[in-house]
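Student: here's a sequence, model it:
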Amino acid sequence: MNELKTLTNENLRILVGQTEKTLTELRAELEKRDAMAQEREILNLDQHMKDAELNLRSIQDFLRYLIDEAQSSRSK
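Tutor: Numbers count the residues shown, from 1 in each chain. Sure thing, here's the model as predicted:
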């Protein structure tokens, strides 16, 4: 930080401008990456829904089995 004290005001302004430009570019890159990640998740949403439906169906089948077993146990 001591080297900043030796910079002229003009050079310091140039450095601030370059830093702001870099920061803007970094923010744009982050937004782009976030958008791409969100797009991948949306594309995978169909598969997630199919998996959830399959899991729900398995739970329903298991509950039906338990109900059938409970009813057959009562009738014995």
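Student: where does this structure have its least confident helix or strand?
Tutor: Here the helix or strand of the chain ranked lowest by mean pLDDT, DSSP states H and E is helix 2-6, holding a mean of 87.
Student: name the residues that touch that helix?
Tutor: With CB atoms under 8 Å, 6 or more residues apart in numbering as the test, helix 2-6 has contacts from Leu12. C-beta: built from backbone N, CA, C; applies to glycine.
Student: also stretch 24-42?
Tutor: The list of residues contacting stretch 24-42 from outside it, by CB under 8 Å, 6+ apart, is empty.
Student: and it, what's its mean pLDDT?
Tutor: Average pLDDT, stretch 24-42: 96.
Student: how distant is that stretch from the center of its chain?
Tutor: Its chain's C-alpha centre and that of stretch 24-42 lie 10 Å apart, by CA atoms, centre = their mean, to the nearest Å.
Student: dump that stretch to PDB, keeping only the CA atoms.
Tutor: Extracted in PDB, the C-alpha atoms of stretch 24-42 (Å, rounded to 0.1, in the frame of the first residue of the first chain):
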ATOM      1  CA  THR A  24     -17.500  -5.000 -13.900                       C
ATOM      2  CA  GLU A  25     -16.100  -7.800 -16.000                       C
ATOM      3  CA  LEU A  26     -15.900 -10.100 -13.000                       C
ATOM      4  CA  ARG A  27     -19.500  -9.400 -12.100                       C
ATOM      5  CA  ALA A  28     -20.600 -10.100 -15.600                       C
ATOM      6  CA  GLU A  29     -18.800 -13.400 -15.600                       C
ATOM      7  CA  LEU A  30     -20.500 -14.400 -12.300                       C
ATOM      8  CA  GLU A  31     -23.900 -13.500 -13.700                       C
ATOM      9  CA  LYS A  32     -23.200 -15.500 -16.800                       C
ATOM     10  CA  ARG A  33     -22.100 -18.500 -14.700                       C
ATOM     11  CA  ASP A  34     -25.200 -18.200 -12.500                       C
ATOM     12  CA  ALA A  35     -27.400 -18.100 -15.500                       C
ATOM     13  CA  MET A  36     -25.800 -21.100 -17.000                       C
ATOM     14  CA  ALA A  37     -26.100 -23.100 -13.800                       C
ATOM     15  CA  GLN A  38     -29.800 -22.100 -13.600                       C
ATOM     16  CA  GLU A  39     -30.300 -23.200 -17.200                       C
ATOM     17  CA  ARG A  40     -28.700 -26.600 -16.500                       C
ATOM     18  CA  GLU A  41     -31.000 -27.100 -13.500                       C
ATOM     19  CA  ILE A  42     -34.100 -26.200 -15.600                       C
END
